[in-house]
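S.K.: here are the coordinates; sequence isn't available:
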Ligand code: FUC
């Protein structure tokens with residue numbers, strides 16, 4: 001067993017910093033721009049370490065990113081109908097709606113960095129005092145990534161002196177084949193869900209749920225993405241309501257038999273948005289290939305999107321003096 005290590009690398013001629021957390025089981029590369037998860041190197045069944053995220057080949061491309069690669073998304077992830085919360089008009093950056101915290105959201109700001117080390121773990125705390133997203137604020141937020149054995153723990157906190165809303169997520173795209181050598185069809189997915197949200201043609205919730213039994217397939221059983229995509233030919237870009245999520249229980253597993261890698265996720269959030277990148281073709285280079293359809297699966301744990309318009313589902317209001325905390329754990333193993 002060697003000691004876990006932390007390296008901070010300023011990137012020449014940019015404000016970017018790379019933070020590398022490493023132990024015997026995983027290597028996690030983070031960026032201060034958007035408090036991003038840039039790369040995760042995890043062993044396959046032969047112990048071969050490869051990257052299991054979709055990552056820009058040219059690091060500077062992250063500075064023009066519009067697709068939230070590995071990014072912390074906030075203050076509020078997902079769409080908000082008409083960009084309206086109470087009387088507050090948020091930026092309409094997706095047609096007439098608001099999405100993912102707007103063009104100056106948390107994904108597109110530089111965060112302060114503080115590293116830490118304990119006998120068992122290494123980590124980094126990203127700090128931001130957000131006054132530029134256009135939400136009532138300032139919102140003071142931290143994202144802490146802690147590497148401990150084969151697990152990466154991500155904890156997000158937020159508070160504000162004024163009444164505001166907050167529902168952050170992380171938007172990493174996973175591909176467990178290793179360095180993106182195969183697409184997601186070879187992966188298996190299992191989600192312990194209660195129901196899915198019904199979405200309208202603009203991808204906004206209608207307020208109705210689709211019960212687990214009424215879905216075209218049972219996500220409780222591991223299914224290959226190729227089977228799932230045959231039922232969802234336009235791809236997954238859907239909200240799964242989780243069945244009793246808590247940190248002591250993995251609620252979602254993604255695996256890939258050929259590489260033998262498995263990712264298990266536990267979260268305090270009540271839902272997860274899964275986005276299969278179906279139809280997402282773009283000109284930038286990701287893991288040595290042009291970005292293309294079904295290349296990765298974004299797994300975005302969060303409270304229910306557009307919840308401000310559906311109080312029956314709960315609330316993401318952040319009251320003055322309240323500390324909001326959410327946590328998601330990513331555990332990597334071999335089949
Ligand atoms: C997910 C989706 C959106 C969008 C974005 C990049 O959060 O819900 O539709 O494409 O990612």
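M.R.: Arrived safely. On a predicted model such as this, the values are computed, not experimentally measured, just so you know. Numbering: from 1, shown residues only.
S.K.: C-alpha from now on. contacts and neighbour counts both.
M.R.: Will do.
S.K.: Next up, the contacts around residue 277.
M.R.: 235-236, 292-298 (Cα atoms under 8 Å, 6 or more residues apart in numbering).
S.K.: of all the residues you listed, which comes closest to residue 283?
M.R.: residue 292 (8.9 Å; Cα to Cα).
S.K.: who are the neighbours in contact with that closest one?
M.R.: Residues in contact with residue 292, defined by Cα under 8 Å, 6+ apart, are 277, 279-282.
S.K.: from memory residue 260 sits against residue 48, does it?
M.R.: No - shown here, residue 260 and residue 48 do not form a contact pair, counting by Cα atoms under 8 Å, at 10.6 Å.
S.K.: Make a PyMOL selection of whichever of the contacts of residue 292 turn out to be buried.
M.R.: Filtering these down to the buried ones (16 or more other Cα atoms under 10 Å) takes a single PyMOL command:
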select buried, resi 277
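S.K.: got a list of contacts for stretch 17-31?
M.R.: Residues contacting stretch 17-31 (Cα under 8 Å, 6+ apart): 1-11, 16, 32-33, 36-43, 122-124, 147, 149-150.
S.K.: Which members of those are classed as buried?
M.R.: Here, 16+ other Cα under 10 Å leaves 4-6, 8, 16, 32-33, 36-43, 122-124, 147, 149-150 buried among the contacts of stretch 17-31.
S.K.: is stretch 157-168 up against the ligand anywhere?
M.R.: No - Stretch 157-168 stays clear of the ligand (Cα under 6 Å from any ligand atom), getting no nearer than 11.4 Å.
S.K.: Take the contacts of residue 277 and keep only those in strands.
M.R.: Using DSSP state E, the subset of the contacts of residue 277 located in strands is 297-298.
S.K.: who's in contact with the residue lying closest to residue 99 once chain neighbours are set aside?
M.R.: Of all residues not flanking residue 99 in the chain, residue 79 sits nearest, at 4.4 Å (Cα to Cα, 6 or more residues apart in numbering). Counting by Cα under 8 Å, 6+ apart, residue 79 touches 97-100, 203-204, 305-306.
S.K.: Please list the residues of this protein that sit near the ligand.
M.R.: So the chain meets the ligand at 67, 78, 237, 275 (Cα under 6 Å from any ligand atom).
S.K.: Okay, and which of those map to strands?
M.R.: 237, 275.
S.K.: Which of the residues of the chain next to the ligand are buried? Put it as a PyMOL command.
M.R.: Here is the PyMOL selection string for the buried members of the residues of the chain next to the ligand, based on 16+ other Cα under 10 Å:
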select buried, resi 78+237+275
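S.K.: Please identify which pair of the residues of the chain next to the ligand lies farthest apart.
M.R.: Across the residues of the chain next to the ligand, no pair lies farther apart than 67 and 237, at 13.6 Å, counting by Cα to Cα.
S.K.: didn't residue 196 look like it was pressed against residue 243?
M.R.: No - using Cα under 8 Å, residue 196 and residue 243 do not qualify as a contacting pair, with a distance of 10.9 Å.
S.K.: who's more crowded, these two?
M.R.: residue 196 (21 against 14; other Cα atoms under 10 Å).
S.K.: Name the nearest residue to the more buried one, ignoring sequence neighbours.
M.R.: Per Cα to Cα, 6+ apart, closest to residue 196 is residue 240, 4.6 Å.
S.K.: wait, what's in contact with the residue in the stretch 51-200 of the chain that the ligand sits nearest to?
M.R.: Relative to the ligand, the nearest point of the stretch 51-200 of the chain is residue 67 (4.6 Å; Cα to the nearest ligand atom). Residues near residue 67 by Cα under 8 Å, 6+ apart: none.
S.K.: Save the contacts of residue 292 as JSON lines, and put in secondary structure and distance to residue 332 too.
M.R.: Below are these laid out as JSON lines (DSSP: H, G, I helix; E, B strand; the rest coil; distance: Cα to Cα, whole Å):
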{"residue": "277", "secondary structure": "coil", "distance to residue 332": "22"}
{"residue": "279", "secondary structure": "coil", "distance to residue 332": "28"}
{"residue": "280", "secondary structure": "coil", "distance to residue 332": "26"}
{"residue": "281", "secondary structure": "coil", "distance to residue 332": "28"}
{"residue": "282", "secondary structure": "coil", "distance to residue 332": "29"}
